[in-house]
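Student: Sequence and predicted structure are below.
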Amino acid sequence: MREELTELEQCVIGVIWRDGPMTAYEVAAHFSASLSPYWSGSAGAIYPVVKRLRKRGLLRGVQRAWNGRRKSMLTTTPAGNASLRAWLRPPLPPEGGGTTFDPIRTRLFFINVLPADQRLAFIADAERAVNEQIRLNEEHRREEDARGDLLEALGALGVILELKARRQWLRAVRKHLAVS
């Protein structure tokens, strides 16, 4: 089952397993609150995932009364839990240890279309953006530490270290561009 589900589908199962029972709306809110730009918390992304996972028997919904209406509270099924465990067990797929998406690195391949002064301005702006993300994730890590959520804090640490490496790379790029 590991190859059949996307990262987003497995993460939805994981969020419901960890934080549920919860509604699809609450799942979407969880992803929307993420500091990562790679997870979409839009209803257009989450609701179809939830529907597919329910159809496959990995999630179940129990109807509950709420403000005079009904809402479906989602939980994982034994099959959903098994899928989550299989997804987490080694080996990781080859792309699991690969590079992460980096729009700065992607744009760098085409930077020579800009005049030299604008290339350096691009790098300066990229450094500013990375520094802001470092600040936000350090704040997030402190909040999670204070809440006692070790796994969220460790996840934030991974992001911080990746961003600091990106910042170091940008400094090297700036240095090379300044002399060329």
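Tutor: Alright, I've got the coordinates.
Student: tell me the average confidence for the lengthiest helix in the chain?
Tutor: In the chain, with assignment by DSSP state H, the single longest helix is helix 116-147. Helix 116-147 carries an average pLDDT of 96.
Student: going on from it, what's the next piece of helix or strand?
Tutor: Where DSSP states H and E defines the elements, the next helix or strand beyond helix 116-147 is helix 150-179.
Student: helices and strands around that next one, which ones?
Tutor: With contacts taken as 3 or more C-beta pairs under 8 Å, 6 or more residues apart in numbering; DSSP states H and E, helix 150-179 sits against helix 103-108, helix 116-147. C-beta: built from backbone N, CA, C; applies to glycine.
Student: so which of the ones you listed gets nearest Val15?
Tutor: helix 116-147 (15.4 Å; C-beta to C-beta).
Student: Looking at the helices and strands packed on helix 150-179, spot the one closest to Ala45.
Tutor: Counting by C-beta to C-beta, Ala45 lies closest to helix 103-108 out of the helices and strands packed on helix 150-179; the figure is 19.1 Å.
Student: picking up where we left off before, any buried residues in the longest helix of the chain, and which?
Tutor: For helix 116-147, the buried set under the neighbour-count rule, 16 or more other C-beta atoms under 10 Å, comprises 119-120, 122-123, 126-127, 130, 133-134, 137, 140-141, 144.
Student: counting contacts, what elements does that helix pack onto?
Tutor: helix 103-108, helix 150-179.
Student: Try it again at 6 Å.
Tutor: Contact analysis of helix 116-147 by 3 or more C-beta pairs under 6 Å, 6 or more residues apart in numbering; DSSP states H and E lists helix 150-179 as its packing neighbours.
Student: What is the distance between the helix it packs on and the centre of its chain?
Tutor: Relative to the chain's own centre, helix 150-179 is displaced by 17 Å; criterion: C-alpha atoms, centre = their mean, to the nearest Å.
Student: what angle do that helix and helix 116-147 make?
Tutor: 160 degrees (axes from the mean of the first three to the mean of the last three C-alpha atoms, to 10 degrees).
Student: And helix 150-179, what's buried?
Tutor: Buried residues in helix 150-179, counting neighbours by 16+ other C-beta under 10 Å, are found at 153, 155-156, 159-160, 162-163, 166, 169-170, 173-174, 177.
Student: hang on, the earlier thing: show me which pair in the buried residues of helix 116-147 is furthest apart.
Tutor: Arg119 and Glu144 (37.2 Å).
Student: Domain ranges for the protein, per the record?
Tutor: 2-95, 103-179 (automatic domain parsing).
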